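> Fold the following and give me the result.
(2 chains)
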Protein chains: 2
Amino acid sequence: MFWELAGVPAVAVRRGTRVESVHQVAACVCDPHGEIVLKVGTVETPVFLRSSAKPFIAAASVRAGVLERFGFGERELAVMCASHNGEPGHTELVASMLERIGARVEDLACGAHAPSYEPAAKALAARGEHPSALHNNCSGKHAGILALAKALGAPFEGYLEPTHPAQRAILALCERVSDDVFGEDKLGVDGCGIPVYATSLRNAARSFARLATLEGLDDEDARALARVTSAMTNEPWYVAGTGRFDTDLMRASAGRVVAKAGAEAVHCDALLDAGLGLAVKVIDGSRRAAAPATIALLDALRILEPEARAALEPHARLAVKNVAGALVGEIAALEDWIPAETAERR
Amino acid sequence: MFWELAGVPAVAVRRGTRVESVHQVAACVCDPHGEIVLKVGTVETPVFLRSSAKPFIAAASVRAGVLERFGFGERELAVMCASHNGEPGHTELVASMLERIGARVEDLACGAHAPSYEPAAKALAARGEHPSALHNNCSGKHAGILALAKALGAPFEGYLEPTHPAQRAILALCERVSDDVFGEDKLGVDGCGIPVYATSLRNAARSFARLATLEGLDDEDARALARVTSAMTNEPWYVAGTGRFDTDLMRASAGRVVAKAGAEAVHCDALLDAGLGLAVKVIDGSRRAAAPATIALLDALRILEPEARAALEPHARLAVKNVAGALVGEIAALEDWIPAETAERR
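Okay, here's the model as predicted:
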């Protein structure tokens, strides 16, 4: 088994005055034509996008008319794009969507896990309740796929299968935005059970550049992606939740960045003013390095206004505390890992 | 900030047929004189040993006579070396040690966290109880340090400080076994509040070779380390707990390997039959890669009998399951990352 995705040391975990651990990162910035503006490490090897693909998954439902059919607004569309915290506002919204679709919680095949947001998990446990599929961070996406199934006249049953009409519609849209073909060799099963596709960081960056610019898309895809961008940037709390990097980045940038994290430390962003897409992969899959690396790349591209950048500092430099709560270290990007010549190329 | 610890790609996270993430590893195998038998990546840069130092921390207490003074047997000594699961057997033993020392739970300065062993954490929550410092995986170590303080006639208060007589005795022993000097530049604060030292993988491997052979030590250190080895290998459940790699490795090897994991994916082993020490560091600090990498190194050194090796397969190849419980991937060592010439050198 050969590993072709190489990165560079980019984020360090410091304890006291010493580096304790280091994360390598690969990244690509593209325009909507796939022209590379900035590149770190290998950018041509397919990588599973995981939840970073959710904006495109949701777009397939939008294209099929689910917003009109079920009376979904921007909050519903935002939570369809979400890896949400499982806070009450998230789960209540998804429950109401299921009702409008005519689906039950039992129709969600994503499995149950405790809310990612610790206070929500503790409150649930304190009430003696068990987490349901609604608390799964992907429940909004699954509700969106059930809505898509209904819109396509397909059964809910089997909606996780790559051959189900809903998954076919989703994968077809994902292939169009990324200029890639997802044969069996590029498909896996995501943490929530749906098919997940691998595409290169370059193709992923191009997909997000298209989300930013709506260039190189047919009219229906373009209209669907425009609504996704509007929903995610207008309702960023529904895309992640309290204290989360994606929510804070979309808020701080006043909607000029569409941000979507994926498991195993993928992060993708549509940079609306620059008309570019950014795709980041922490090679070892450690989530803790994704935000510091992404912010360093946004810094190199001069994307954020000073005030926005200052607001994001808690995501750029993460405190390492011991069990008793004392500050003992920090997680932050290293210097000089983003090639200088690529900055000049712009 | 320059990072001098380089590794090689060693452990892959696979999803379906594709590699999703990769962990780099550095490692060193030494004899008690510090002669290198096998080396992967950089082995001269200081790395925080974290909990892998616990056998030596406990040895300082043994040397000061705490076993005799407080009537501690091998279980008590094993839990002094432990990063335990917080299972009832662990916490009850530590509670009884505190009683014998004349200390209270409130004297433990390690802080409280939920038991690492999920069934224990759930049982505690189901009883509506909050975790105490006894559940902290380091509580046995802290009890051992309180015992050491008492044996030295020093107060419990301030026992976390590097200048406290107990910490001085501990750091002095750690310096002797590793042939290193731990000035301020090599000290940090561990997750449980005590001073933690950074030493090279070579020095760490040498320390564990000395634990294996008792060579190059004064008589009192040798006697103390012999008792540590005996306690850890006779009572491996108290060193970690149910389902844990260290416990299973010591059991499977019938006590011919003394295994101790540390946070940020350090793993150190005393190889009793070979008379060698092994020190492993996953560069990115991901715990999930430590056991697959360690087992691959033990394989390269031909340390384990076939039956022992077979028993450890669940730690060598870790299942990746989705939320609903389906198998979707695997974490396992790559092939050919351990240099061939070092195997020949033996």
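> Tell me the secondary structure of the nearest residue to residue A:258 once chain neighbours are set aside, please.
Computed as C-beta to C-beta, 6 or more residues apart in numbering or on different chains, the closest residue to residue A:258 that is not its neighbour in sequence is residue A:270, at 3.9 Å. C-beta here means a position set from N, CA and C on the backbone, and glycine is covered the same way. Following DSSP: H, G, I helix; E, B strand; the rest coil, residue A:270 is assigned to strand.
> check contacts around the residue nearest to residue A:154 when sequence neighbours are not counted.
Distances taken as C-beta to C-beta, 6+ apart put residue A:165 closest to residue A:154, at 4.2 Å, once the chain neighbours are dropped. Taking C-beta atoms under 8 Å, 6 or more residues apart in numbering or on different chains, we find residue A:165 in contact with A:149, A:152-154.
> at 10 Å instead, please
Residue A:165 makes contact with A:64, A:148-149, A:151-155, A:158-159, according to C-beta atoms under 10 Å, 6 or more residues apart in numbering or on different chains.
> out of those residues, which are buried?
Neighbour-count burial (16 or more other C-beta atoms under 10 Å in any protein chain shown) applied to those gives A:64, A:148-149, A:151-152, A:154, A:159.
> For chain B, state which of those is nearest.
Nearest to chain B among the buried ones among the contacts of residue A:165 is residue A:159, at 13.2 Å by C-beta to the nearest C-beta.
> Going along the chain, name the helices of the stretch 151-300 of chain A.
Secondary structure of the stretch 151-300 of chain A, counting by DSSP state H, counting those that start in this stretch: helices at A:165-178, A:201-213, A:219-234, A:245-252, A:290-300.
> can you give me the end-to-end distance of stretch A:179-190?
Start to finish, the residues bounding stretch A:179-190 are 21 Å apart (C-alpha to C-alpha, to the nearest Å).
> what ranges of chain A fall below the confidence cut-off?
Applying pLDDT under 70 to chain A flags the ranges A:1-3, A:340-346.
> near chain B, which residues of the stretch 151-300 of chain A?
Within the stretch 151-300 of chain A, the residues that sit near chain B (C-beta under 10 Å from any C-beta of the partner chain) are A:160, A:184-196, A:198, A:263-266, A:281-286, A:288-289.
> Filter those residues down to the buried ones and hand me the PyMOL line.
Only the buried members of those end up in this PyMOL selection, burial being decided by 16+ other C-beta under 10 Å:
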select buried, chain A and resi 160+186+187+188+189+190+191+192+193+194+195+196+198+263+264+265+266+281+282+283+284+285+286+288+289
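> circling back to that earlier point, deepest-packed of the helices of the stretch 151-300 of chain A, please.
helix A:201-213 (a mean of 28; mean count of other C-beta atoms under 10 Å in any protein chain shown).
> I'd say residue A:242 and residue A:236 touch.
No - taking contacts as C-beta atoms under 10 Å, residue A:242 lies outside contact range of residue A:236: 11.2 Å.
> Residue A:19 contacts residue A:320, correct?
No - if you go by C-beta under 10 Å, residue A:19 and residue A:320 don't touch, sitting 11.9 Å apart.
> Common neighbours of the two, please.
Joint contacts of residue A:19 and residue A:320 (C-beta under 10 Å, 6+ apart) are A:13, A:329.
> what about the longest strand in chain A?
strand A:18-30 (DSSP state E).
> And the contacts of the next helix-or-strand element following it?
Using DSSP states H and E, the helix or strand that follows strand A:18-30 towards the C-terminus is strand A:36-40. Residues outside strand A:36-40 that contact it (C-beta under 10 Å, 6+ apart): A:6-8, A:10, A:24-31, A:43, A:201-202, A:205-206, A:209, A:271, A:274-278, A:280-281, A:293, A:296-297, A:300-301, A:337-339, A:341-343, A:345-346.
> so strand A:36-40 versus helix A:290-300, what angle?
130 degrees (axes from the mean of the first three to the mean of the last three C-alpha atoms, to 10 degrees).
> Start and end of stretch A:129-143, how far apart?
End-to-end distance (C-alpha to C-alpha), stretch A:129-143: 22 Å.
> In its sheet, which strands sit next to the helix or strand containing residue A:10, and in what direction?
Taking DSSP H and E as the criterion, residue A:10 maps to strand A:8-15. According to DSSP bridges, strand A:8-15 has the following sheet partners: strand A:18-30 (antiparallel), strand A:327-333 (antiparallel).
> Can you lay out those strands as CSV showing mean neighbour count?
Formatted as CSV, those follow (neighbours: other C-beta atoms under 10 Å in any protein chain shown):
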stretch, mean neighbour count
strand A:18-30, 26
strand A:327-333, 19
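> before we move on, back to that, residue A:242 and residue A:236: which is more packed in?
Using other C-beta atoms under 10 Å in any protein chain shown, the more surrounded residue of residue A:242 and residue A:236 is residue A:236, with 25 against 13.
> ok, now how distant is the nearest residue to the more buried one once chain neighbours are set aside from residue A:335?
The shortest distance from residue A:236 to any non-neighbouring residue, by C-beta to C-beta, 6+ apart, is to residue A:250 (3.7 Å). Separation of residue A:250 from residue A:335 (C-beta to C-beta, to the nearest Å): 27 Å.
> same check, this time on residue A:187
Going from residue A:187 to residue A:335 by C-beta to C-beta gives 38 Å.
> Isn't the residue nearest to residue A:236 up against residue A:237?
Yes - judged on C-beta under 10 Å, residue A:250 makes contact with residue A:237 at a distance of 9.2 Å.
> Please identify every residue contacting each of those two.
Residues touching both residue A:250 and residue A:237 by C-beta under 10 Å, 6+ apart: A:78, A:244.
> OK, contacts around residue A:48?
A:186-188, A:190, A:196-199, A:262-264, A:266, A:281, B:15-16, B:18-21, B:329.
> I appreciate the help and will end here.
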